[in-house]
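1. Need a 3D model of the sequence below.
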Amino acid sequence: MDKRLLEILCCPQTRTPVRAVRRDELDALNRAIAAGGLLTVAGKLVQATYPDALITRDGMTVYRVEDDIPVMLVDEAVSTAQLNGFPR
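-> You can find the predicted model right below:
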């Protein structure tokens, strides 16, 4: 992802800046998706693993990235509070 784009992106709800997820964070997220029960902020079940994602710098919210395009929709975000043992 373009570094300049990453510098200006932020959570559309809280305005918290975002960063690329680390490998350990992405692995933990995808394990939770594969296990089932991971929900978006809107309460929809996440069914497909994330090839890449962005996370708010406070580590609370994850946004998926599809084909190098960040999906910065609040309803489709995932709260890390529902992930037991999420790396911090």
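2. who touches the residue nearest to Arg22 when sequence neighbours are not counted in this structure?
-> Nearest non-adjacent residue to Arg22, counting by C-beta to C-beta, 6 or more residues apart in numbering: Pro87, 7.1 Å away. Every residue, glycine included, has its C-beta placed from N, CA and C. Contacts for Pro87 (C-beta atoms under 8 Å, 6 or more residues apart in numbering) come out as Arg22, Asp24, Glu25, Ala28.
3. I'd say the last one and Phe86 touch.
-> Yes: using C-beta atoms under 8 Å, Ala28 is in contact with Phe86, at 5.4 Å.
4. For my notes, confirm Val18 occurs in a strand.
-> Yes: the assignment for Val18 by DSSP: H, G, I helix; E, B strand; the rest coil puts it in a strand.
5. Just the pLDDT at the residue nearest to it when sequence neighbours are not counted, thanks.
-> Excluding the flanking residues, the one nearest Val18 by C-beta to C-beta, 6+ apart is Leu54, at 4.3 Å. For Leu54, the pLDDT comes out at 98.
6. Who does Leu54 form a beta bridge with?
-> Leu54 has these beta-bridge partners by DSSP bridges: Ala20, Tyr63.
7. Burial check on Leu45, number of neighbours?
-> A total of 10 residues lie near Leu45 under the criterion other C-beta atoms under 10 Å.
8. residues in contact with the nearest residue to it once chain neighbours are set aside?
-> Among residues not flanking Leu45 along the chain, Leu39 sits closest, at 6.1 Å (C-beta to C-beta, 6+ apart). Taking C-beta under 8 Å, 6+ apart, we find Leu39 in contact with Leu45, Val46, Val78, Gln82.
9. Most neighbours among those, please name it.
-> Top of the contacts of Leu39 by neighbour count (other C-beta under 10 Å): Val78, with 23 neighbours.
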